[in-house]
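K.L.:
How does the following fold in three dimensions:
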Amino acid sequence: MTGLLLVGASGLAREATAVAVMLQHDGPVDIVDDNPALWGTLHGLTPVLGSVDLVADVVDFEVVLALGAGRHRRRVAVRLDMLGVDPARYTSLIHPRVVLPGSCHIGTGAIVLDGVVLTADVEVGDHVVLMPHVTLTHGCTVSDYATVCAGVSLGGDVQVGEAAYIGMNASVRQGVHIGPGATVGMGAAVLDDVPAGETWVGVPARPIRTGVHA
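P.N.:
I've put the predicted structure just below:
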């Protein structure tokens, strides 16, 4: 591969670009986005080439989905699959200061920013975003397309479901399950399982609405 395509002109794309530069990624770093007003402009210092469909044409570029919401990353992944994009083109961007113990695994297409800590036996799925200073302790599982925001701490053996979102500085007690598509608010203290699609906030965290995300 000769370059890197970031999908989505987002703040996350700026952070991903910074990691790519630190990793001395081969070739150019470019962005694609479906907003035509952005085409031919710079997002930060990174060119926006055109629509997301260009991913199928620029076959010699690796791809990272830089959309903040996991459900959007999942939707774009399905779209690119329908366009015939080879899943082998997805790559992960892991900040060079992040230490990955041998018992831990990070899946394809993940974005892992500075200060993330994985202690032991941690499984991180595909297209997961781990923001700065996330702590994942022993036995945690973070499923595909989940987003774990800055400063989040997960106790041992926490399970985070597909496309779940955990807001900044939230804490999750050991053994708790965060269901697929669930949202945990900023600064929440989660002591009990969060069902799929629900939004929980507060200390201790309590539900405020239900309904599985599309």
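K.L.:
first to last residue in stretch 171-182, what's the distance?
P.N.:
Using C-alpha to C-alpha, to the nearest Å, the end-to-end distance of stretch 171-182 comes out at 15 Å.
K.L.:
mean confidence for that stretch?
P.N.:
The predicted model assigns stretch 171-182 a mean pLDDT of 98.
K.L.:
Can you pull out the low-pLDDT segments for the chain?
P.N.:
Counting by pLDDT under 70, the ranges of the chain that qualify are 1, 209-214.
K.L.:
what about Ile208, how many neighbours?
P.N.:
Ile208 has 12 neighbours, counted by other C-beta atoms under 10 Å. (C-beta placed from N, C-alpha, C; glycine too.)
K.L.:
Quick check: which element contains it?
P.N.:
strand 206-209 (DSSP states H and E).
K.L.:
list the helices and strands that strand packs on?
P.N.:
strand 199-201 (3 or more C-beta pairs under 8 Å, 6 or more residues apart in numbering; DSSP states H and E).
K.L.:
mind giving me the domain split of the protein?
P.N.:
By the assignment in automatic domain parsing, the chain contains the domains 3-89, 93-206.
K.L.:
contacting residues around Thr108?
P.N.:
If you count contacts by C-beta atoms under 8 Å, 6 or more residues apart in numbering, Thr108 has them with 87, 90-92, 126-127.
K.L.:
Mind doing that once more with 10 Å?
P.N.:
64, 87-92, 125-128, 144 (C-beta atoms under 10 Å, 6 or more residues apart in numbering).
K.L.:
Just the buried ones from these?
P.N.:
Among the contacts of Thr108, the ones that count as buried by 16 or more other C-beta atoms under 10 Å are 64, 89-92, 125-128, 144.
K.L.:
Could you dump the residues you listed into TSV and include secondary structure?
P.N.:
Listed next are the buried ones among the contacts of Thr108 as TSV, based on DSSP: H, G, I helix; E, B strand; the rest coil:
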residue	secondary structure
Val64	strand
Arg89	helix
Tyr90	strand
Thr91	coil
Ser92	coil
Gly125	coil
Asp126	coil
His127	coil
Val128	coil
Asp144	coil
